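In: coords please:
(2 chains)
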Number of protein chains: 2
Amino acid sequence: MPSTDLTFLNHDEHRAWLRDQSKLPLGFNVGTTTFDFTPQEALKSATMTLTLITLDEPTADFGAVFTQNAFPGAPVIIGRERLAAPSLGALVINNKISNVCAPDGVETSEKICAETAELLGFKSNQIFPSSTGIIGWRLPADAMITALPPARTALQSESILPAAEGIVTTDLYPKVRSVSIGGGRIVGIAKGAGMVEPNLATMLVYLLTDIEVPREVLRTELIRAVNKSFNRISIDSDTSTSDTVAAVSSGRVKDVALSEFTQGLEQVCQDLAEDVVRNGEGVRHVMRVAVRGAPDIRFATELGRAVVNAPLFKCAIAGNDPNVGRLVQAIGRYVGNSAQLVDVSSMSLSIGGIEIFGGGVFKLDPQKEVALQAHLQAAQLYESQPTESGVFLPPIDYPAHERCVEIDIQLGTGTAAATVLGGDLTHEYVTENADYRS
Amino acid sequence: MPSTDLTFLNHDEHRAWLRDQSKLPLGFNVGTTTFDFTPQEALKSATMTLTLITLDEPTADFGAVFTQNAFPGAPVIIGRERLAAPSLGALVINNKISNVCAPDGVETSEKICAETAELLGFKSNQIFPSSTGIIGWRLPADAMITALPPARTALQSESILPAAEGIVTTDLYPKVRSVSIGGGRIVGIAKGAGMVEPNLATMLVYLLTDIEVPREVLRTELIRAVNKSFNRISIDSDTSTSDTVAAVSSGRVKDVALSEFTQGLEQVCQDLAEDVVRNGEGVRHVMRVAVRGAPDIRFATELGRAVVNAPLFKCAIAGNDPNVGRLVQAIGRYVGNSAQLVDVSSMSLSIGGIEIFGGGVFKLDPQKEVALQAHLQAAQLYESQPTESGVFLPPIDYPAHERCVEIDIQLGTGTAAATVLGGDLTHEYVTENADYRS
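Out: Next comes the predicted model:
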């Protein structure tokens, strides 16, 4: 659950809150530049933003986790190598093209790292690259190299907001979350709205801190925080070829208790993960599925995922239709296919705190139906407003509130629990994804 | 692939073809009746059709396979018991309510079986019940019992078409397939348009034959045919709580070679399975994914399923957008999560016979893009036509053709192969499922 309550903030208030969140930790600089180019595989031009995140001094204290997709993008292949490098000086990030399985993809990405290093006075292996966008196309290397000097000129040490805005593709708004601890800060930004599922997705996340955390500790805590946040969300069950969560410490603020850092990192990751779902492609309802009484944590997590990924249930939620049969169907499918024995007569289910199933049978009546509908209505982020030609576009603004559809599954079998977040399946999702490249 | 080619048939020709397919095998009768009632859980009335399929004489030669969902409907619970009964006299099927986890569901279904048996002069355990429709509601037992005599009055031995039309819910048209072999026939009907995935789905299939096949042989051949047909389709990855495929022989035609029967049964099942996908909720493109060179058949089948269930790729297909990156993403996700080692550099991919990936890299150019788009356009079943308020409804008519989006995945790793069918993800699907109950 987010550490803030943004309900009822209007656009200007939200913007002010975002600026406040965005204050960079000590030792970091951010600069971006935007330019047009014509992809070699396409018939018309495209626009790319190049984002630089630089450190005043290279640091040994950095880490990253990556997609498990069998076709990792070139930047992921390079990023994995960078984990062995002694230090990191800068990150160079582009949107629009993800550089996945493109001819000479690794060479092109390394070339851009080399040019970035040259410009900033670092070594090539101190540059960490990321790319997000269309899969299969080649990066416009020359145009990107030309864009590096203006991006360097734009560097400033006040705000991470330009980076949060620079790395997006189909996101509706920038996602920034931060905590301040013992004189230091952890600031995180996230990009990702589609292809988002556990094991990371077309999701880029950068976590910057000035709190001193040794390299190995940072990496351990990063994995722990990711498992409890980004690995428990799913928008459309797809897993991107480019997912990356990177954490970097400039080490400028000493003597902060590790437990405080860990708690702060987890909070920033969970807040960003919820932001990613809430801004998921076409998401009009965020579902929070709390599974309890499970035989083990894996079962709890996978069952939560099965619910937030069930297309018919997602559609029902989109229509503010408390179709509890589809929820039971989704649970039954996962349980039926699992090797675990779960006695459905010991299970109870509720939506919005209203019990709908227990003792092996549904507990429904017309009054509950009305109450369930009201819960779904209250959790809706915006009303669908198609154009005359049937195009569904979400309002481009910050979310109106942070309420969720609250689904509780008590299995009554064991003691493990997990909470998984996901979105509904809407016309806005189809509009976005049936016509994304055209 | 269907044994017939229905491309370019107009409505009247298709209807005539359907009537011809529908000729009942010897020894069977079909009758239906339709009535209105008010469900106990709802605020407005609903319409149900009750379908009777009866045998002139009870037969020992019948079998059925059922859903693997952990919440089987009451008729599935009873149907499993019926497999142990010495003989079968009739099937009683209703649409609108599926009788799943409803209070006293099994008792209600057994009561309807008892009344049906009384009316037809059979025993209760000779009646096989099926229900499909909304999960969680209670069957209107009294109204159904009142409807039994008119359904019996309607019994005739000419055509299965009234049953094919009587068992549907959101299907756009009845699905009937048949073969004639050595003086006998196998006639199958199917119901199912949503919640359709491997391991069966809200799918009811009845296969009637007058060819004599011993009970145990019939059951073995049924499982084999289902595994090669209905278990290789997926519309939305959901698994219904009510799926049933039943096969019944009246035994009136003797001395047909088993190999001919087996081949015919498999053909009818495969034809019906493709019909179910083509008429899937909101399906505008049928995808046929042929996986070859896989390490084993399970890997081949699951990979095919992963492709036809990947939401982003399904949306791209809906938009006639040859977004090959999303295909690679879907394959990579499955391979990345599997324990099998697959070398992606030995893989090749084609869509509509056009190679798009090989040797570890994409093989794309603007000309191929045009050709790929043309392939998708040609496979489209109909154009999207939203109303002014953004409601997308498919034309209610037989499909215009039986072309598929042909996706070939050669893994280059082993020798196993499997073909999986699925549909795209469209506005019509969301319209159907976000507002189904209301």
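In: only C-alpha atoms for contact and neighbour calcs from this point on.
Out: Will do.
In: which residues of chain A score low on pLDDT?
Out: Scanning chain A for pLDDT under 70 picks out A:1-9, A:193-202, A:235-242, A:435-438.
In: for chain A, which helix is longest?
Out: helix A:258-278 (DSSP state H).
In: how is chain A divided into domains?
Out: A:11-278, A:286-434 (automatic domain parsing).
In: with mean neighbour count and distance to chain B as extra columns, can I get those in TSV?
Out: Output for the domains of chain A, formatted as TSV (neighbours: other C-alpha atoms under 10 Å in any protein chain shown; distance: least, C-alpha to the nearest C-alpha, whole Å):
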stretch	mean neighbour count	distance to chain B
domain A:11-278	21	4
domain A:286-434	21	4
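In: where do the strands sit along the stretch 1-150 of chain A?
Out: For the stretch 1-150 of chain A, the strands defined by DSSP state E, counting those that start in this stretch cover A:28-37, A:46-59, A:62-66, A:88-94, A:127-131.
In: which one of the ones you listed lies closest to B:Gly63?
Out: strand A:62-66 (49.3 Å; C-alpha to C-alpha).
In: which one of the strands of the stretch 1-150 of chain A lies nearest to B:Gly359?
Out: Of all those, strand A:127-131 comes closest under C-alpha to C-alpha, at 22.2 Å.
In: check which helices and strands the closest one sits against.
Out: Packing contacts for strand A:127-131, counted by 3 or more C-alpha pairs under 8 Å, 6 or more residues apart in numbering or on different chains; DSSP states H and E, involve helix A:74-82, strand A:88-94, helix A:105-120.
In: which helices and strands sit right next to the first one?
Out: If I follow you right, that is helix A:74-82. strand A:62-66, helix A:105-120, strand A:127-131.
In: which one of the ones you listed lies closest to A:Asp243?
Out: strand A:62-66 (5.5 Å).
In: so what touches the closest one?
Out: Residues outside strand A:62-66 that contact it (C-alpha atoms under 8 Å, 6 or more residues apart in numbering or on different chains) are A:76, A:79-80, A:83, A:87-88, A:200, A:215, A:218-219, A:222-223, A:242-249.
In: for the closest residue to A:Ser348 other than its chain neighbours, give me its contacts.
Out: Nearest residue to A:Ser348, sequence neighbours excluded (C-alpha to C-alpha, 6 or more residues apart in numbering or on different chains): A:Gly358, at 4.4 Å. A:Gly358 is in contact with A:345-349, counting by C-alpha under 8 Å, 6+ apart.
In: in the stretch 251-400 of chain A, which spans are helices?
Out: A:258-278, A:297-308, A:311-318, A:324-337, A:366-379 (DSSP state H, counting those that start in this stretch).
In: is it possible to get TSV of those helices that adds distance to B:Val30?
Out: Converted to TSV, those look like this (distance: least, C-alpha to C-alpha, whole Å):
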stretch	distance to B:Val30
helix A:258-278	51
helix A:297-308	39
helix A:311-318	32
helix A:324-337	30
helix A:366-379	36
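In: which one of those lies nearest to A:Gln156?
Out: helix A:258-278 (22.7 Å).
In: and that closest one, what does it pack against?
Out: Looks like helix A:258-278 contacts strand A:175-181, strand A:184-191, helix A:215-227, strand A:233-234, strand A:416-423 (3+ C-alpha pairs under 8 Å, 6+ apart).
In: okay but A:Arg185 is in contact with A:Pro25, surely?
Out: Yes: contact criterion C-alpha atoms under 8 Å: A:Arg185 and A:Pro25 qualify, at 5.5 Å.
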